[in-house]
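Q: no sequence for this one, just the structure:
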């Protein structure tokens, strides 16, 4: 049985963090996002408050299955994704997709991968910040709605290579 499961975004961080935490901790990676908006109907229920509809992409199903099994075995699941709104959303998606009960979750953040920073984070866990999750979801919904509608029009107007370079990150999904 896993006593403490720590999930980070990046596999490069996992082995270093595991060394800092010791044998009571198993550290693994989600490899970033594990869910995305469904492609059908833009993944947004526009008839019911613009609610997002998520799915686990085919290339993430195996990872999600592995993480779900590990989370079920663990006494505590430590979500150690980045502190920005994307990281907060990844933690929330992990909680939802892996069906982890709130009482089993501890959310930790750190700004450097050093032993003191990791131990400080573990000493001061918090909950998932719903405001950051809502901010990320709102941004993603707007990207999908506005991007899908405006992209074809803008691409017709953006025939200059410089403008395409500048605007392409804003227009891609």
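A: Sure, I can see it. Source: prediction; values computed, not measured. Numbering: from 1, shown residues only.

Q: mind listing the helices in the chain by residue range?
A: Using DSSP state H, the helices of the chain run over 11-21, 61-73, 85-97, 115-123, 130-157, 161-171.

Q: CSV for the ones you listed, including distance to residue 34, mean neighbour count and mean pLDDT?
A: (Each C-beta comes from the backbone N, C-alpha and C, glycine too.) Converted to CSV, the helices of the chain look like this (distance: least, CB to CB, whole Å; neighbours: other CB atoms under 10 Å; pLDDT from 0 to 100):
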stretch, distance to residue 34, mean neighbour count, mean pLDDT
helix 11-21, 14, 15, 94
helix 61-73, 5, 15, 98
helix 85-97, 6, 21, 97
helix 115-123, 21, 15, 97
helix 130-157, 14, 14, 80
helix 161-171, 23, 11, 61
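
Q: right, so of the ones you listed, which gets closest to residue 107?
A: Distance to residue 107, taken as CB to CB, is lowest for helix 85-97 among these, at 5.9 Å.

Q: Need the residues that contact that closest one.
A: 7, 9, 30, 32-35, 54, 56, 64, 67-68, 79, 81-82, 100, 102, 105, 107, 109, 128-130, 132-133, 135-137, 139-140 (CB atoms under 8 Å, 6 or more residues apart in numbering).
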